[in-house]
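S.K.: Dropping a prediction and its sequence here:
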Amino acid sequence: MKNIYLVGFMGTGKTTVGRILAGKLGKDFVEMDEAIEKKEGRRIKDIFASEGEGYFRRLERELLKKISSQLDLVVSCGGGLVCDSANLKILKNTGHLFSLFASPSVIFERIKGSNNRPLLSVSDPLAEIKRLLNLREPYYRQAGIQIDTDQINPQEVAGRILRLLDNG
């Protein structure tokens, strides 16, 4: 079976939903940021701090190429991955693509305790969430089936995805 790719902004539930889906389907789960951290031996925020976002995006692209050559994976993609048209093409050609959405205030509430969000290491994280969402939303909108996660829990999101996959 083709891979299942979950895309969307940080805090929309990609990792949690991905783990649930993988468990229900008996598939391996890949969280791209975790895989990059493991390969690099350091946290995403440290990669951003020392090498910059461009370097991180190259690592992300290389990992996607490797993942996309495999089958039967559930993959939680990094939040900015689909902003590159070549990445989006790979995702669409090799898997089922689901784009998870949430409002800026819900995202902020979900991630405010995290210290591993380098793009939000600013004085006003909520304003930065709004700014980044405004930039990225057009990419998320063209990336597969859209699911709003504001009012439903991760189990419900996974259930919705399973039903969509069953209905083909």
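M.R.: All right, it came through fine.
S.K.: Can you list the buried residues in the helix or strand harbouring residue 147?
M.R.: Secondary structure assigned from DSSP states H and E places residue 147 in strand 145-148. Buried residues in strand 145-148, defined by neighbour count with 16 or more other C-beta atoms under 10 Å: residue 147. Yep, even glycine has a C-beta here, placed from its N, CA and C like the rest.
S.K.: contacting residues around that strand?
M.R.: Contact with strand 145-148 is made by 97, 98, 99, 100, 101, 102, 140, 157, 160, 161, 164, as judged by C-beta atoms under 8 Å, 6 or more residues apart in numbering.
S.K.: in its sheet, what does the helix or strand that contains the first one sit against?
M.R.: Residue 97 is located in strand 95-101, with elements delineated by DSSP H and E. Strand 95-101 has the following sheet partners, assigned by DSSP bridges: strand 3-8 (parallel), strand 145-148 (parallel).
S.K.: next helix or strand past the first one?
M.R.: Elements were assigned by DSSP H and E; along the chain past strand 3-8, the next helix or strand is helix 14-25.
S.K.: same for that next one, what does it pack against?
M.R.: Contacting helix 14-25 under the criterion 3 or more C-beta pairs under 8 Å, 6 or more residues apart in numbering; DSSP states H and E are the following elements: strand 3-8, strand 28-31, strand 73-76, helix 154-166.
S.K.: what residues does the longest one touch?
M.R.: Counting by C-beta under 8 Å, 6+ apart, the neighbours of helix 154-166 from elsewhere in the structure are 4, 13, 16-17, 20-21, 24-25, 96, 98, 100, 145, 147, 149, 152.
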